[in-house]
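> The amino acid sequence is not available; the structure is as follows:
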């Protein structure tokens, strides 16, 4: 099977320095590469306060990783991420299915009742 595009939002435990945070992200990216995946982009969103306490953590470093990997290896990747003790939470999404919704207002034609309600009249 061919590789498919995915994105993972990872919350890593807060370390004392930026170097420690970068090292923790390397530990997140390594399993992707070991399973034959390719990292396209890795973006740090910085240190943020969590919405609620997770364990003893009240803050975390958010990181978005866009990558390609075979769908048959995704379960193994998730298992490895769950075993990583530096990760507080993670979410993996399929980028090809995660498209912004199209608005019905931009594609639909105005109806005759909507035109009448706006004050314009159509002659038959």
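Noted; the coordinates are in hand. Just so it is clear, the model here is predicted, and its values are computed rather than measured. Numbers count the residues shown, from 1 in each chain.

> ok, which stretches of the chain are helices?
18-34, 74-83, 104-107, 112-117 (DSSP state H).

> Of those, flag the one that's most buried.
With neighbours defined as mean count of other C-beta atoms under 10 Å, the helices of the chain peak in mean count at helix 18-34, which reaches a mean of 15. Yep, even glycine has a C-beta here, placed from its N, CA and C like the rest.

> So what touches it?
Here helix 18-34 makes contact (C-beta atoms under 8 Å, 6 or more residues apart in numbering) with 8, 10, 12-15, 39, 42, 44, 47, 61, 63, 65, 67, 69, 77, 80-81, 84, 86-87.

> From these, list just the buried residues.
8, 10, 12-14, 42, 61, 63, 65, 67, 69, 77, 80-81, 86-87 (16 or more other C-beta atoms under 10 Å).

> Please identify which pair of the residues you listed lies farthest apart.
Greatest spatial distance in the buried ones among the contacts of helix 18-34: 14 and 69, 27.3 Å, computed using C-beta to C-beta.
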